[in-house]
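Peer 1: Sequence plus predicted model, see below.
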Amino acid sequence: MTRNNKLVLVSLLLWGIGEGLFVFIESLYLERLGATPVEVGMTLALASAAVLVSYLPAGWLSDRFNRKANMLAGYVVGALAAFVMALAHDWHTLLLGLVFYAVSGFCVPAITSYVVQEAAPRERNRVVTTVFVGYSAGLVISPAIGGWLAEHWTMRGVFVVSGAAFLLATATVSLA
């Protein structure tokens, strides 16, 4: 695996850690901020729709513009969104942060293309799988930490720690 793909792997590990801190408990926080169960469902549906809409032009953007620039743009959007979520005093603001965060997914096709481009042809399947395992590994280790932080600190603190992990991921991928 190339140095650049190793850096992408580490960045995805950091991203998975950051996302795992809040993604499985965000609905509880929405309720704590005053959202009804229907509003929680609508918020999560809107965030999912934002991912869908961001993916539609993402492949075109990845092919048309510099892949690394697309990757970095998505990472920066996601990191900023975590800090928007940390500042939320009501569920409407958290909704904006969650949608903003979901839009950052537009960088996933660029990441995939970048990893494929960096890998030797005979190793592409293995390399893509290995690199993206980093994200899943981060999701395995962080939900319990996020729950603990939310219980002993605050959800706002969880989003700040997530944002910090996303900034580290951004710095790491910028070196690729």
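Peer 2: Good, I have the coordinates.
Peer 1: Please state the offset of the helix or strand harbouring Ala47 from the chain centre?
Peer 2: For Ala47, the enclosing helix or strand under DSSP states H and E is helix 37-64. Computed by CA atoms, centre = their mean, to the nearest Å, the separation of helix 37-64 from the middle of its chain amounts to 13 Å.
Peer 1: Report the buried residues of the worst-scoring helix or strand of the chain on mean pLDDT.
Peer 2: One helix or strand of the chain scores below all others by mean pLDDT, DSSP states H and E: helix 37-64, with a mean of 92. By neighbour count on 16 or more other CB atoms under 10 Å, the buried set for helix 37-64 is Glu39, Val40, Thr43, Leu44, Ala47, Ala50, Val51, Ser54, Ala58, Leu61, Ser62. In this view, the C-beta of every residue, glycine as well, is placed from N, C-alpha and C.
Peer 1: helices and strands around the helix or strand following it, which ones?
Peer 2: Downstream of helix 37-64, the first helix or strand assigned by DSSP H and E is helix 67-87. With contacts defined as 3 or more CB pairs under 8 Å, 6 or more residues apart in numbering; DSSP states H and E, helix 67-87 has these neighbours: helix 3-22, helix 37-64, helix 91-103, helix 108-118, helix 155-174.
Peer 1: Give me the distance between Thr112 and Ser136.
Peer 2: Remark: distance between Thr112 and Ser136 (CB to CB, to the nearest Å) = 15 Å.
Peer 1: Okay then, goodbye and thanks.
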